[in-house]
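[1] Need a 3D model of the following:
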Amino acid sequence: MTDQPTSSPAPPQEPLWRRLANQPVSIKFVLLVLLGCLLWPIVAPVFRFTRALFDWEHAERAILAILRSENLAFLVTDRKTSQIEVEINDSSPLLGRREGHLIGSVTLYYGIDVQALDSSCLSHVGGRLIVRLPEPRELDFAMDPGSFRYVTKRSGWNVVRDFVLNQNLETELRQQVHRQALVFFREQQLIPTRAKIVNQLNNLAAAFSKEIGVPIEFQ
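    Residues are numbered from 1 along each chain as shown. Here you go, the predicted model:
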């Protein structure tokens with residue numbers, strides 16, 4: 001009986017990590033680079049998201065825009081402040097109710113535009129300086145948006161209509177404030193006449209004459 005040759009068991013294989021650890025440094029570097037290239041498409045979005053959570057960007061911008069520059073010279077003789085009411089009623093049998101009501105404070109500045117004075121407005125008569133004033137006018141008009149109170153009532157059809165036509169009932173009310181305010185001031189005789197302004201200035205003529213050394217009269 002002949003003896004059968006016996007095969008010795010194969011030596012156990014080393015783990016992959018141990019074999020990689022035993023590689024030269026240059027091979028390790030190349031493998032790390034390849035691994036990084038493979039994983040970067042996955043890691044990059046996570047990295048950016050994490051950075052966005054914990055990183056704040058402070059942006060500061062200063063914009064200086066000069067729209068218009070004017071040298072103004074006004075002689076404001078009257079300043080009138082009042083509460084104005086504006087109403088709009090565009091209701092119709094077909095579309096229903098569309099009503100708006102606005103209450104707010106406005107201020108009117110009225111007087112003389114001094115820049116309208118020229119040499120033709122000045123004359124000397126009997127040792128007096130005669131100043132012919134230009135016509136008084138509205139110098140400025142100011143609205144106080146913080147005082148505005150709106151009451152609007154619209155049917156469903158008018159809500160749709162305003163949306164389609166890009167209309168706004170509150171904007172329409174604000175656009176009528178100036179015109180309604182002037183009507184109110186005139187009706188209440190709050191806008192000074194030319195004669196009243198001339199009289200006001202002539203009451204101060206003595207002080208003006210003392211400053212310039214010549215008697216002055218406004219007309």
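
[2] tell me the domain ranges of the protein?
    Following automatic domain parsing, one finds the domains of the chain at 16-53, 74-218.

[3] Reformat the ones you listed as CSV; add mean pLDDT.
    Formatted as CSV, those follow (pLDDT from 0 to 100):
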stretch, mean pLDDT
domain 16-53, 60
domain 74-218, 85
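
[4] Residue 122 contacts residue 128, correct?
    No - counting by CB atoms under 8 Å, residue 122 sits too far from residue 128 to count as a contact (11.1 Å). Every C-beta, even on glycine, is put in place using the N, C-alpha and C of the backbone.

[5] Return the set of buried residues in stretch 167-177.
    For stretch 167-177, burial by neighbour count (16 or more other CB atoms under 10 Å) applies to 169, 173-174, 176-177.

[6] Revised request: answer the last question for stretch 202-219.
    Neighbour-count burial for stretch 202-219 flags 205, 208, 216-218 (criterion: 16+ other CB under 10 Å).

[7] Identify, out of the domains of the chain, the most deeply packed stretch.
    Sort those by mean neighbour count, taking mean count of other CB atoms under 10 Å, and domain 74-218 sits at the top with a mean of 14.

[8] quick revisit: quick one: which of the buried residues of stretch 202-219 is nearest to residue 162?
    The closest of the buried residues of stretch 202-219 to residue 162 turns out to be residue 218 (CB to CB; 51.6 Å).
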